[in-house]
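Asker: Quick one: sequence plus predicted model below, questions after.
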Number of protein chains: 2
Amino acid sequence: MESFMYFNPTKLLFGRGQLSHLPKEVSAYGKKVLLVYGGGSIKKNGLYNQIITLLEQAEIEWVELSGVEPNPRVTTVRKGIALCKRENIEFVLAVGGGSVIDCVKAIVVGAKTDRDVWDIISRKSRAEDGLPYGSVVTISGTGAEMSLTSVISDWETKEKRAWVSSFSRAKFSIVDPSFMTTVPREQTVNGIVDTMSHILEHYFHTGKNTPIQDQFCESVLRTLIDVTPKLLEDLDNYELRETIAYASTIALSDQLNMGFVGDWATHHIDHALSAVHDIPHGGGMAILYPHWMKYVFDKQNVNKFSQLAINVLGIDATGKTKMEIAEKGIEALAHIWTSWGAPSKLSEYDITDETLPLIAQKTLEAAPKCGNFKRLSETDVLAILNSSL
Amino acid sequence: MESFMYFNPTKLLFGRGQLSHLPKEVSAYGKKVLLVYGGGSIKKNGLYNQIITLLEQAEIEWVELSGVEPNPRVTTVRKGIALCKRENIEFVLAVGGGSVIDCVKAIVVGAKTDRDVWDIISRKSRAEDGLPYGSVVTISGTGAEMSLTSVISDWETKEKRAWVSSFSRAKFSIVDPSFMTTVPREQTVNGIVDTMSHILEHYFHTGKNTPIQDQFCESVLRTLIDVTPKLLEDLDNYELRETIAYASTIALSDQLNMGFVGDWATHHIDHALSAVHDIPHGGGMAILYPHWMKYVFDKQNVNKFSQLAINVLGIDATGKTKMEIAEKGIEALAHIWTSWGAPSKLSEYDITDETLPLIAQKTLEAAPKCGNFKRLSETDVLAILNSSL
C-alpha cells in the first residue's frame, strides 16, 4: 500500500424510513434551504411531497432550483449560486441522482465566492469555503453521495470537468432504496454499469500488497453480476434495489481503495466523449471499458486481468494461458453488460469517427496524465475510441 | 439489511511516515496535551522520542500519564481525568494499543463532568461532552482507533464494562505499521485473533440480504489466515504487518457491518472472564470462540457455519452434510489458532471450574441480552465456559 489518509465524515442514513431524519439533519445547519432536483420524477413518485411536508413541519423555509440536467451544466450551477446569494440560503438539499448532487457540489462552493464557479471546476483556482449540503438519493450508480468528486459540463465550449474540493462533501446522505423501485430499466442498467466501472477503475491499480482491498472489489463486482439479472426481471424488488444501492454508495466512499490510486483513464475518455455527445455516463462506460481493457492488457500487467477473469467473471482457467484467461474475461464482461441491454458500440449513439480526434484531444486536455494503471497518450485514446465504434 | 446510520468521522492516517502529520492534527485542537501511554515499549523503540520532538517543535506543551495496564483500570482513568482538570488539558493523545486508547476514551468524557466516570462506563448516565483526542497506534488488534467502544475494568469489584459514547470517537488515528514490527510473537497472535473475533462477531448475524458485507468479512478472514503464518516466521516484515494492521483498523470501523448487528456474546463472556482472571483478550477469544460456535450451531442456523467453513476455512464440502461441514470448519478454526500458538483451553491460564459460575453470572449482569445471533442464558454461558476448560 501507499500511505493514505481516509476521511469521510458524511453521515450515511441508509434504508427504509430514513427520510424521517431529514428535518433534524437539515435544522442542524439552518432554516433557509435551496431544494435542488432534476426533471420532476420526484413529483411523480411522491418523494417531493414527503420532503415538502417534512420541511414545513420543521418550519424550514425553502426555495427551489429544478430541472438539473443529466450531465449537469455550469449554467444551471450559476442559477443555483445566484439563488443562494439572493435568498441568503444556509443549506442546500440535493434530491436526485449523481447529476443533481454534482450540480449541488458546485453550487455550494460557488455560493461562497465572487469568482465565477468555472474557475474552480476547471481547477484554475481552489474553493476556499462552501455552504453545507445534504442529499436524498433517488437513483444509484454514481456514488456522488459519499464522494468529493463532481462532474460539470460547459455546453458552449463542449468542456466537461471532474473536480474535487474538501467543501464538496455532503453533511449527510439519505439512501432509501424504496425511492428507487420506479427507476426505469435503462437508467437502472446505466447506474449499475457506472458502479461497476468505479470498482473496476479502483481494481486496476499498480499498488502493492492490497489483498483485502482487491477482494473487496471482487466481492462487489461478483454480487452485482449475480443480482442484476434478477433485478431486471423484477424492477421493483426492494431487496435487490437495496443491494445495488449499497454497492453504489460504498463504491466511491473511499472504503474500497485505501492505499492505492486506481486507473481512471476510461472515465477521462468518457467525460470528453459525453461533453461532445451528451450521452449517459453509464452507457459510455459500458462501451469504453472493455475496449480500454483490450487495448491495455499485455504480458506485464496480465495478472490483474486474469485474476478478475477467474475471481469475478467465472472463467475456467484450465488449460489456458494467462493471456487467454484475460481475453476470455474481457469478452465475458462485455457480454454480461450487453445481455443487460447496455450499449457496446459508439454507433448505437449515432457517433461516427468524425468527432473521435476531437474527443481524444479533449481527453488529454482535461487530463494530461491520463491513466494510473497504464498511462495513455492522445494516440492511445484515439485508438480505444476507434475500436469502440 | 436493517436501516442503518454510518458515521465515522475519524481521520485515518495510515502508513509509513504518517506521524509527521501529528503536530498539525494536534494543533487544530489545542496547545496543551495529555500524553497517555502504557508500559514503556514506546521508549524502547524510539517512538516516544519522535513524538516528544514533534510536540516540542510545534510548541505544544504536554503532561504525561504512563503505565496504562492491559485491561485498563478505572483507577488509571481517574488519574488521567484529575490531570486533565488540574492542568487544563485541551487535547489527549493516546500512544499505544487498544488498552491505552480505551483508557483515553474514558478520560476524555470524565474530564468534562463532575460525576464519577464509572457512572458513564457502567451506563448509569450518559456522557454529555468530551475533550477531543487522537491516537497513535502501536499494536494492532482491537481496532479501538476507528471505533466508539471502550472496555474498562474496576479491579476492586471485578467488573469489566464495554461502553460507547459519541464523544469516544478519535479525531484522528495514525496507524504506521513500522511501529509494530517489534511487537512480540504472543501479543501479535493475540492481536490477530482479536481482529478475527471482531469479524466473526459481525459475520454471525441474523440480518437478511447482506451478500456484500458477508463477502467482505470472509475476505478479511481469509487474508489473515493466509498472512499470519508468514508473519510469525518474519515478525519484522513491514508488508505483512501492514496487512494485519489494515485488517485490524477496518474491522471495527463500522465498514464491515453496515445494516446488521453481529452476535457479540463471546465478547461479553470474555469481558467477564478477564475481569475475574486478568487474561489477555485475544487469548480469551481464541479459547472461547470455537466453543461458542460448537455450542450454538444447529440445523436452523447451520448455513452460516457451513458458508464460513467452505469460503474461509478451506473445508471441502464433497459428500458432507451441512452439519458435518460446519463441524469441520469449527475444528479447522481452532486448529489454525493453536497452530499459531494461541491458547485453546482455560486451564492454560490456570483457570479451574471454581470461578466459572461467577463468570457466567457476571456475563449476564453486564449483558442481560447476551448474543444477537443466538441469545444465551446464564446456563448457556456456563456450559460454554465448562467446555472451554
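Answerer: Everything's here; your move.
Asker: got a list of what the nearest residue to A:Gly259 once chain neighbours are set aside touches?
Answerer: Spatial nearest neighbour of A:Gly259, excluding adjacent residues (CB to CB, 6 or more residues apart in numbering or on different chains): A:Met1 at 3.0 Å. Yep, even glycine has a C-beta here, placed from its N, CA and C like the rest. Each residue near A:Met1 by CB atoms under 8 Å, 6 or more residues apart in numbering or on different chains is listed here: A:207-210, A:258-260, B:14-15, B:242, B:246.
Asker: again with A:Val227
Answerer: Neighbours of A:Val227 in contact, by CB under 8 Å, 6+ apart: A:240, A:243-244, B:211.
Asker: Now do the buried residues in the helix or strand hosting it.
Answerer: Applying DSSP states H and E as the criterion places A:Val227 in helix A:211-232. The neighbour-count check on helix A:211-232 (16 or more other CB atoms under 10 Å in any protein chain shown) flags A:211-225, A:227-228, A:231-232 as buried.
Asker: Now it: average pLDDT?
Answerer: Helix A:211-232 shows an average pLDDT of 98 in the prediction.
Asker: go on, stretch A:166-174?
Answerer: Mean pLDDT, stretch A:166-174: 97.
Asker: Show residues contacting that stretch.
Answerer: Taking CB under 8 Å, 6+ apart as the rule, stretch A:166-174 contacts A:8-14, A:18-19, A:21-22, A:25, A:28-29, A:94, A:101, A:105-106, A:108-109, A:112, A:127, A:129-130, A:132-137, A:145-146, A:148-150, A:249.
Asker: Same check on stretch A:316-333?
Answerer: A:289-290, A:293-294, A:297, A:299, A:302-303, A:305-306, A:308-310, A:312-315.
Asker: Show me just the buried residues among those residues.
Answerer: For these, a burial check counting by 16+ other CB under 10 Å picks out A:289-290, A:293-294, A:297, A:302, A:305-306, A:308-310, A:312-313, A:315.
Asker: can you put these in JSON lines and add secondary structure and pLDDT?
Answerer: Formatted as JSON lines, those follow (DSSP: H, G, I helix; E, B strand; the rest coil; pLDDT from 0 to 100):
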{"residue": "A:Tyr289", "secondary structure": "helix", "pLDDT": "98"}
{"residue": "A:Pro290", "secondary structure": "helix", "pLDDT": "98"}
{"residue": "A:Met293", "secondary structure": "helix", "pLDDT": "98"}
{"residue": "A:Lys294", "secondary structure": "helix", "pLDDT": "98"}
{"residue": "A:Phe297", "secondary structure": "coil", "pLDDT": "96"}
{"residue": "A:Val302", "secondary structure": "helix", "pLDDT": "98"}
{"residue": "A:Phe305", "secondary structure": "helix", "pLDDT": "98"}
{"residue": "A:Ser306", "secondary structure": "helix", "pLDDT": "98"}
{"residue": "A:Leu308", "secondary structure": "helix", "pLDDT": "98"}
{"residue": "A:Ala309", "secondary structure": "helix", "pLDDT": "98"}
{"residue": "A:Ile310", "secondary structure": "helix", "pLDDT": "98"}
{"residue": "A:Val312", "secondary structure": "coil", "pLDDT": "98"}
{"residue": "A:Leu313", "secondary structure": "coil", "pLDDT": "98"}
{"residue": "A:Ile315", "secondary structure": "coil", "pLDDT": "98"}
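Asker: tell me which parts of chain A are close to chain B?
Answerer: Contact residues (CB under 8 Å from any CB of the partner chain) of chain A with chain B: A:1-18, A:208-209, A:211-212, A:215-216, A:219-220, A:222-223, A:226-227, A:239, A:242-243, A:246-247, A:250, A:255, A:258-259.
Asker: So how do I select the buried members of the residues you listed in PyMOL?
Answerer: Buried members of the residues of chain A next to chain B, defined by 16+ other CB under 10 Å, are picked up in PyMOL with:
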select buried, chain A and resi 1+2+4+6+8+10+11+12+13+14+15+18+209+211+212+215+216+219+220+222+223+227+242+243+246+247+250+255+258+259
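Asker: returning to what we had before: name the nearest of the buried ones among the contacts of stretch A:316-333 relative to chain B.
Answerer: Distance to chain B across those (CB to the nearest CB) is lowest for A:Val312, with 11.5 Å.
Asker: got the contact list for the nearest residue in space to the closest one that is not next to it in sequence?
Answerer: Spatial nearest neighbour of A:Val312, excluding adjacent residues (CB to CB, 6+ apart): A:Leu221 at 4.7 Å. Applying CB under 8 Å, 6+ apart, one finds that A:Leu221 lies in contact with A:196, A:199-200, A:203, A:308, A:312.
Asker: Specify the angle between the helix holding A:Val227 and helix B:211-232 in degrees.
Answerer: Interaxial angle, helix A:211-232 versus helix B:211-232 (axes from the mean of the first three to the mean of the last three CA atoms, to 10 degrees): 160 degrees.
Asker: Output helix A:211-232 in CSV with nothing but the alpha carbons.
Answerer: Output of helix A:211-232 as CSV, limited to C-alpha atoms (Å, rounded to 0.1, in the frame of the first residue of the first chain):
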residue,chain,number,x,y,z
PRO,A,211,-5.1,-8.5,-0.9
ILE,A,212,-8.0,-7.3,1.2
GLN,A,213,-8.9,-4.3,-1.0
ASP,A,214,-8.7,-6.4,-4.2
GLN,A,215,-11.1,-9.0,-2.7
PHE,A,216,-13.5,-6.2,-1.6
CYS,A,217,-13.7,-5.0,-5.1
GLU,A,218,-14.2,-8.5,-6.4
SER,A,219,-16.9,-9.1,-3.9
VAL,A,220,-18.9,-6.1,-5.0
LEU,A,221,-18.5,-6.9,-8.7
ARG,A,222,-19.5,-10.6,-8.2
THR,A,223,-22.6,-9.6,-6.3
LEU,A,224,-23.7,-7.1,-8.9
ILE,A,225,-23.2,-9.6,-11.7
ASP,A,226,-25.3,-12.1,-9.6
VAL,A,227,-28.0,-9.6,-8.6
THR,A,228,-28.6,-7.5,-11.8
PRO,A,229,-30.3,-10.1,-14.0
LYS,A,230,-32.7,-10.9,-11.1
LEU,A,231,-33.4,-7.2,-10.7
LEU,A,232,-34.1,-6.6,-14.4
